[in-house]
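Peer 1: sequence first, predicted coordinates after that:
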Amino acid sequence: MTPPRPAPDPLRILEVAALPFPSRQGTQVALDAVCRGLAERGHDVHLLVYAHGAFPLRAPYAIHRLPDFPRFRSLRSGPGWRRAVLDLRLALELRRLARVLRPDVVHLHNVEAAAAALLLPFRPGVPCVYHAHNLMEHELPAYGTLGPAALAGRLGRWLDAQLPAHADLIIAISAPTRDGLIRAGADPLRVRVVEPGADLADLAAPLSPEGAGPGDPAVGEIRVPAGVVPTTSERPRAPRGAAADAFPALSVAYLGNLDCYQGLDTLVAAVALVRSRGRPAELVVISDSSPDELGGRAAQLRVPVRFVPHGPLANALCVLGGCGVAALARRIPGGFPMKLITLLGAGVPVAATRTAVHGLDLESVVVAARDDSPAALADALVAATDDPRRGDRVATGLHLARTRFSQAAAAERLDAALREGVRRGREAAARRS
């Protein structure tokens, strides 16, 4: 694990995200890693989020929460009227905190926080850095709640163009995100790619109710039972008359939330195709989301599925370690799948749709399908499992999780970008005056 390097001249940083926190969703995991990594480098880190979260959290940074009105408890991503009201409250609280804390920089995560700071009147009077975790042109249509997909896509393109234009610096979570923002009109000289990181050892530690911020529900750990029973009665088995060792069972792991943009229909169909070709296979879903919709789809295609509560990451890592391959099935361009760091750290082979890992420079550790179809993903799942270089891929993935994608390495990259944002913001303010 790369040790943190203390930063000279620490900054006071106000991190802003319009979301429930903490939770085990990718953006929230990335956000916690950002705040922890910067705090470990000696920065004075403050985080502004919604009133609620999924579990208690002891954090080495200050958490500021919106008032719990209107009451909102959903952990799911996507737009809604309650979120719109909360985002207006976020804009007011952001300005108040900026006056009280007098931060060196405001670090805005994702579109809602950036819009609250940059598109509404009375912008905070300090440098503002926009951190794009995705491309809204592609993500908004996936939710299906903003009317026709074409209309949602146009709104997303407008946001991808407008938000970077008003920020002092733009951080893209990946090269594909950077390229998409530049296509939308962002100044290439003001866009920096900062790949995320996570401290898997820290995330795997048991959560503590001590130090929980206001609004954190008091819930305990969710332990994975010793024997997990499939939700269907069927377990993977070889076709009748075949030798058992000729058809080794394949357990395909999926980790994370079950929102529509994750490409889960593609994954279930891919596992069904693996089975139709004579290979016994099951789907192992590690998630705290409701299993009903995915379970129904799996039943239609006669795919055995086990649903395992995610709980603390130590439990998820244990379940992942018992699977033959893990899958990423996203078909939305841009972004960076945070769960990928966990999968690499778990030491399990990974297969992915082409779009899920396109442009991430991970060919040495992930078997990418030729396209995003179920048939291509099915081929990739089998290839990743049977790959004669499987051991090398897993070892390289473990190394990347502990180096390139470590929390400390990501914090060092982010430190440099935020300091550039501070410099640019101050220079712009001097020119205006």
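Peer 2: Received it, and whenever you're ready, just let me know what you need. The model shown is predicted, which means the values in this text are computed figures rather than measured ones.
Peer 1: please enumerate the strands of this protein.
Peer 2: In the chain, the strands defined using DSSP state E lie at 12-17, 44-49, 62-65, 105-109, 128-132, 169-172, 191-193, 250-255, 281-286, 305-308, 325-328, 350-352, 366-368.
Peer 1: and those: which comes nearest Val34?
Peer 2: Nearest to Val34, of all the strands of the chain, is strand 12-17, at 6.8 Å by Cβ to Cβ. Quick note: C-beta positions are derived from backbone N, CA and C, even for glycine.
Peer 1: contacting residues around the closest one?
Peer 2: Residues outside strand 12-17 that contact it (Cβ atoms under 8 Å, 6 or more residues apart in numbering) are 27, 31, 34-35, 38, 43-49, 61, 90, 94, 97-98, 101-110, 113, 116-117, 418.
Peer 1: please apply the same query to stretch 426-433.
Peer 2: By Cβ under 8 Å, 6+ apart, stretch 426-433 touches 125, 127, 168.
Peer 1: measure how buried the nearest residue to the last one once chain neighbours are set aside is and give me the count.
Peer 2: What it means is Asp168. Sequence neighbours aside, Gly425 is the residue nearest to Asp168 in space, at 3.9 Å (criterion: Cβ to Cβ, 6 or more residues apart in numbering). Residue neighbour count, defined by other Cβ atoms under 10 Å, stands at 21 for Gly425.
Peer 1: now do Pro196
Peer 2: Number of residues near Pro196 (other Cβ under 10 Å) recorded here: 26.
Peer 1: quickly note the distance from it to Asp187.
Peer 2: Distance of Pro196 to Asp187, computed by Cβ to Cβ, to the nearest Å: 23 Å.
Peer 1: and Leu320, what does it touch?
Peer 2: Going by Cβ under 8 Å, 6+ apart, Leu320 touches 253, 255, 286, 326, 342-343, 346, 348.
Peer 1: leaving out sequence neighbours, find the closest residue to it.
Peer 2: Nearest to Leu320 is Ala346, by Cβ to Cβ, 6+ apart, at 3.9 Å.
Peer 1: can you report how many residues lie near that neighbour?
Peer 2: Ala346, neighbours per other Cβ under 10 Å, totals 26.
Peer 1: just the helices in the stretch 251-400 of the chain please.
Peer 2: Here the stretch 251-400 of the chain has its helices, by DSSP state H, counting those that start in this stretch, at 264-276, 292-300, 313-321, 339-345, 354-357, 374-386, 390-402.
Peer 1: pLDDT score assigned to the spatially closest residue to Leu264 that is not a sequence neighbour?
Peer 2: Spatial nearest neighbour of Leu264, chain neighbours left out: Leu294 (5.6 Å); criterion: Cβ to Cβ, 6+ apart. At Leu294, the predicted lDDT confidence score is 93.
Peer 1: count of neighbours near Leu294?
Peer 2: For Leu294, the count of nearby residues is 24 (other Cβ under 10 Å).
Peer 1: also Glu293?
Peer 2: Glu293, neighbours per other Cβ under 10 Å, totals 13.
Peer 1: for Phe21, same thing?
Peer 2: 27.
Peer 1: from now on call the first residue 56
Peer 2: Happy to do that; since the first residue is 56 now, the last one works out to Phe76.
Peer 1: bridging residues for the closest residue to it other than its chain neighbours?
Peer 2: Excluding the flanking residues, the one nearest Phe76 by Cβ to Cβ, 6+ apart is Val104, at 4.0 Å. With DSSP bridges applied, Val104 shows beta-bridge pairing to Arg120.
Peer 1: what about Val104, distance to Val363?
Peer 2: Computed as Cβ to Cβ, the Val104 to Val363 distance reads 27 Å.
Peer 1: ditto for Ile68
Peer 2: 36 Å.
Peer 1: so which of those two has more stuff around it?
Peer 2: Taking other Cβ under 10 Å, Ile68 and Val363 do not tie; Ile68 has more neighbours (26 against 22).
Peer 1: sketch out the low-pLDDT regions of the stretch 106-255 of the chain for me.
Peer 2: 132-136, 199-202 (pLDDT under 70).
Peer 1: helices of that one, start to end?
Peer 2: Using DSSP H, counting those that start in this stretch, the helices found in the stretch 106-255 of the chain span residues 136-156, 165-173, 191-198, 204-221, 230-238, 255-259.
Peer 1: and the angle from the first one to helix 165-173?
Peer 2: For the pair helix 136-156 and helix 165-173, the angle between their directions (axes from the mean of the first three to the mean of the last three Cα atoms, to 10 degrees) equals 50 degrees.
Peer 1: coming back round to it: which residues touch the residue nearest to Asp223?
Peer 2: 160, 181-183, 223-224 are the contacts of Gly480 under Cβ under 8 Å, 6+ apart.
Peer 1: do the same with Asp99
Peer 2: Applying Cβ under 8 Å, 6+ apart, we find Asp99 in contact with 65-68.
Peer 1: switch to 7 Å and redo it
Peer 2: Listed by Cβ atoms under 7 Å, 6 or more residues apart in numbering, the contact partners of Asp99 are 65, 67-68.
Peer 1: quick one: it from Ala463, how far?
Peer 2: 18 Å.
Peer 1: domain map for this protein?
Peer 2: 67-274+461-487, 299-457 (automatic domain parsing).
Peer 1: got the end-to-end distance for the longest one?
Peer 2: End-to-end distance of domain 67-274+461-487: 23 Å, with Cα to Cα, to the nearest Å as the criterion.
Peer 1: on that earlier part again, out of the helices of the stretch 106-255 of the chain, nearest to Leu74?
Peer 2: Closest to Leu74 of the helices of the stretch 106-255 of the chain is helix 165-173 (Cβ to Cβ; 7.5 Å).
Peer 1: can you list contacts of that closest one?
Peer 2: By Cβ under 7 Å, 6+ apart, the surrounding residues in contact with helix 165-173 are 71-73, 82, 142, 145-146, 149, 161, 163, 178-179, 183, 185, 188, 191, 214, 218, 221-222.
Peer 1: just the buried ones from those, in PyMOL syntax?
Peer 2: A single PyMOL command selects the buried members of the contacts of helix 165-173 (16 or more other Cβ atoms under 10 Å):
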select buried, resi 71+72+73+82+142+145+146+149+161+163+179+183+185+188+191+214+218+222
